[in-house]
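> okay, predicted coordinates and the sequence, questions at the end:
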Amino acid sequence: MKTFTVSKAVTALMLAGLVLLPLYSQLSGNIFILTLFTRVIILALAAASLNLIMGFGGMMSFGHAAYLGIGGYAVGMLAQEGVGSGFIQFPVALAASAIYGLVIGALSLRTRGVYFIMITLAFAQMAYYVASGLARYGGDDGLTVYKRSDFSGLINLSNRTQFYYLCLGCLFAVIVLIWRIVNSRFGLVVQGLRSNEQRMQAIGFPAKRYQLVCFVISGMMCGLAGALLANNTDFISPAVMYWTRSGDLMVMVILGGMGTLFGPVMGAVVYLLLEEFLSQLTEYWALIMGPLLLLIVLFGRGGIMGLLGRLNRG
Amino acid sequence: MAEPLLRVEKLVRRFGGIVATDNVSLDVASGELHAIIGPNGAGKTTLISQLTGHLEPHSGSVSLGGRDITYLPAYRRCALGLARSFQITSLLLDFTAADNVALAAQAHAGHSFRFFADARKEKGLRDAAHAALDRVGLLHRADVLVSRLSHGERRQIELAVALASKPKLLLLDEPMAGLGVTESQGMVKLLQELRKEVSIVLVEHDMPAVFALADRISVLVYGRVIASGDPAAIRANEDVKRAYLGEAHVVTHHV
């Protein structure tokens, strides 16, 4: 159990890097890197939440970005209406995500496989168009959040370093939560359902109930990411719910390693940094990114975590 | 007469024009080992699926311990004490043997909406799993992934999973399927032990095994029960010989 492995070492290094990043930013005066990594961490949180249903639960949701929008709009709309308290905004963001997850999950989980992918995608697109139609809240153009969530002196979200650590804290909390869930009774049932639903029903588990609860938990985690995202960009628009964003999240999860605890974080870091640096090199960065991802997925089954795991054995 | 543990009455299930289960009635008494035999395509698995709730009948009824379960979903029947094994091994391949069995125990230990405590450290569940594995003689393989177990071992795990739910009635769909001679003998021996503790409905092709084990046998041909009785009566039954046994010469004298 307590043996040294390459993947553990790399994970520890990455986490240490994330914790120490603000220090580096301060010493080097590089503010941009802190902003960049705040975004990375928020999307890593979203990817980790997707991994709970996709990697552990076997539910291939192609509409997870909808929660980013729901969490974000909860913050943005409340701010617009003069409710600036984070103690109200964040719970509302979580509750709205839970309700969306409950309704969408109850309908989507009647289907399996490709149909599940399509129906979650369809609902997310519906959410996208609903947001585009909200004239009062900017419609297509999106909504500027003039004031970040106010936690009455407890923590100042406008302070870059404090906000960074808030996001990192949320990410760690969610990962610990996922770790506990995965090894709990509930988690074993959900993973059992991924592995063999017929068998699980035969030994006495009502499949849908457990999958739905898992779907809702995952959605709430992603809603939290959405609320943070709106604060990070001071802006929320329908674009964050677009299907390509759901695709990005899926790629992060698969790239990092489905069904692993830290894979999605790794995936988000690698994916977003690659995107950042390649797009500085050339306008046609997607031409390099695409084949690169393909190679990792084809030859590193189990994503980066899988690759690292094999390094250890090889 | 006492209420039978399982009562099947006039069960009918059609697939298009084919009547796969044709007015089947049978009783399984408490403590009995009731075998269902029949040639390929006789509708044995279709019948079992209706007993377990994986398939709905078009008419007729199934009751367990006096309670109508005809339209209950599979997981509810399981809670009432009905456990099954699958004809084609159906396990969680990426879980260990112990995890597979412990999940069955977990299903019968309250709801599983517990999110924080490590389920693999729950002593009650682990003990139940180890006891069931020990029962089928696989305790030494407890921590091996099922995908790494042999076919014969997986058949035994199937049984351990069914046992772990502490069922009143065990539905075994061809537990001997694909087993070698030695493994089959081991399985017969194991079933001989188990039948002392639990009522069993056994669907099986292995005739020597069936005649060695069964208290009563029902013979299914084209979805219909053509005979039902103790092994001696079935062996002597002319209809059965003609329909099924005569050609195969399988029912010779078995010790």
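Structure received.

> the stretch 51-200 of chain B: strands as residue ranges?
B:59-64, B:67-68, B:82-85, B:169-173, B:199-203 (DSSP state E, counting those that start in this stretch).

> near chain A, which residues of chain B are found?
Listed as neighbours of chain A in chain B under the rule Cβ under 8 Å from any Cβ of the partner chain: B:52, B:54, B:73-75, B:78-79, B:83-84, B:86, B:90-95, B:99, B:102-104, B:106-108, B:112-120, B:122, B:161, B:165. No exception for glycine: its C-beta is placed from N, CA and C like everyone else's.

> please redo it, this time with the cut-off set to 7 Å
Counting by Cβ under 7 Å from any Cβ of the partner chain, the residues of chain B close to chain A are B:52, B:74-75, B:78-79, B:84, B:90-95, B:103-104, B:106-108, B:112-120, B:161, B:165.

> which strand or helix spans the residue in the stretch 1-150 of chain A that chain B sits nearest to?
Closest to chain B within the stretch 1-150 of chain A is residue A:58: 10.9 Å, counting by Cβ to the nearest Cβ. Applying DSSP states H and E as the criterion places residue A:58 outside every helix and strand.

> mind listing what it touches?
By Cβ atoms under 7 Å, 6 or more residues apart in numbering or on different chains, the residues touching residue A:58 are residue A:194.

> look up how far residue B:230 lies from residue B:215.
Separation of residue B:215 from residue B:230 (Cβ to Cβ, to the nearest Å): 7 Å.

> and those two? which has more neighbours close in?
Set side by side, residue B:215 and residue B:230 show more neighbours around residue B:215, with 16 against 11, by other Cβ atoms under 10 Å in any protein chain shown.

> quick check, that one in contact with residue B:35.
No: at 8.4 Å, residue B:215 does not count as touching residue B:35 under the criterion of Cβ atoms under 7 Å.

> run through the residues of the stretch 1-150 of chain A sitting next to chain B.
Checking the stretch 1-150 of chain A against chain B by Cβ under 7 Å from any Cβ, there are no hits.

> all helices of the stretch 1-150 of chain A, in order?
In the stretch 1-150 of chain A, the helices defined using DSSP state H, counting those that start in this stretch lie at A:6-28, A:31-51, A:65-80, A:86-108, A:113-132.

> nearest to residue A:275, of the ones you listed?
Within the helices of the stretch 1-150 of chain A, the stretch nearest residue A:275 is helix A:31-51; the backing value is 10.2 Å (Cβ to Cβ).

> tilt between that closest one and helix A:86-108?
Orientation of helix A:31-51 against helix A:86-108 (axes from the mean of the first three to the mean of the last three Cα atoms, to 10 degrees) gives an angle of 40 degrees.

> assign a three-state SS to whichever residue of the stretch 101-250 of chain A sits closest to chain B, would you?
Nearest to chain B, among the residues of the stretch 101-250 of chain A, is residue A:204, at 3.4 Å (Cβ to the nearest Cβ). At residue A:204 the chain is in coil, as set by DSSP: H, G, I helix; E, B strand; the rest coil.

> phi and psi next, for it.
With angles defined as degrees, to the nearest 10, residue A:204 sits at phi 110, psi 20.

> ditto for residue A:64
On the backbone of residue A:64 - angles per degrees, to the nearest 10 - the values are phi -70, psi -20.

> count residues in the vicinity of it, would you?
For residue A:64, using other Cβ under 10 Å, the count is 29.

> what pLDDT does the model give it?
Confidence at residue A:64, expressed as pLDDT, is 96.

> which residues touch it?
If you count contacts by Cβ under 7 Å, 6+ apart, residue A:64 has them with A:46, A:50, A:222, A:246, A:249.

> do that again at 6 Å, thanks
Residues in contact with residue A:64 (Cβ atoms under 6 Å, 6 or more residues apart in numbering or on different chains) are A:50, A:222, A:246, A:249.

> which residues does the nearest residue to residue B:28 once chain neighbours are set aside bridge with?
Excluding the flanking residues, the one nearest residue B:28 by Cβ to Cβ, 6 or more residues apart in numbering or on different chains is residue B:6, at 4.1 Å. Going by DSSP bridges, residue B:6 is paired in beta bridges with residue B:28, residue B:64.

> tell me how far residue B:6 lies from residue B:47.
From residue B:6 across to residue B:47, the span is 12 Å (Cβ to Cβ).

> ok, these two, which is more surrounded?
More neighbours surround residue B:47 than the other of residue B:6 and residue B:47, with 30 against 23 (other Cβ under 10 Å).

> any idea how many residues pack against the residue of the stretch 101-250 of chain A closest to chain B?
Residue A:204, neighbours per other Cβ under 10 Å, totals 23.

> for the most centrally placed residue in chain A, give me its contacts.
By Cα atoms, centre = their mean, chain A has its centre lying nearest to residue A:46, at 0.8 Å. With contacts defined as Cβ under 6 Å, 6+ apart, residue A:46 is in contact with A:68, A:222, A:225, A:249.

> how about the helices of the stretch 151-255 of chain B, start to end?
Going by DSSP H, counting those that start in this stretch, the stretch 151-255 of chain B shows helices at B:151-164, B:181-194, B:207-213, B:231-236, B:238-240, B:246-248.

> what about residue 145, how many residues nearby?
No chain was given, so I picked chain A. Residues lying near residue A:145 (other Cβ under 10 Å) number 23.

> please go with chain B instead
So residue B:145, with other Cβ under 10 Å, has 15 neighbours.

> now do the contacts for the most centrally placed residue in chain B.
Centroid-nearest residue in chain B: residue B:172, 1.6 Å away (criterion: Cα atoms, centre = their mean). The contact partners of residue B:172, by Cβ under 6 Å, 6+ apart, come to B:85, B:202.

> and it, bridged to which residues?
Bridge pairing for residue B:172 - DSSP bridges - gives residue B:85, residue B:202.

> what's the distance between it and residue B:14?
26 Å.

> surely residue A:68 touches residue A:240?
Yes: using Cβ atoms under 6 Å, residue A:68 is in contact with residue A:240, at 4.8 Å.

> who has more neighbours, the two?
Legend: neighbour count by other Cβ under 10 Å for residue A:68 and residue A:240, higher for residue A:68 (31 against 25).

> not counting its neighbours along the chain, what's nearest the more buried one?
Excluding the flanking residues, the one nearest residue A:68 by Cβ to Cβ, 6+ apart is residue A:226, at 4.0 Å.

> surely the one you found meets residue A:74?
No: judged on Cβ under 6 Å, residue A:226 makes no contact with residue A:74 at a distance of 7.6 Å.

> more neighbours: the two, which one.
A count of neighbours by other Cβ under 10 Å puts residue A:226 above the other of residue A:226 and residue A:74, at 31 against 25.

> could you list the low-confidence segments of the stretch 1-150 of chain B?
Counting by pLDDT under 70, the ranges of the stretch 1-150 of chain B that qualify are B:1-2.

> circling back to that earlier point, would you turn the helices of the stretch 151-255 of chain B into CSV with mean neighbour count and distance to residue A:167?
Below are those laid out as CSV (neighbours: other Cβ atoms under 10 Å in any protein chain shown; distance: least, Cβ to Cβ, whole Å):
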stretch, mean neighbour count, distance to residue A:167
helix B:151-164, 23, 44
helix B:181-194, 16, 56
helix B:207-213, 20, 63
helix B:231-236, 16, 72
helix B:238-240, 14, 74
helix B:246-248, 11, 71
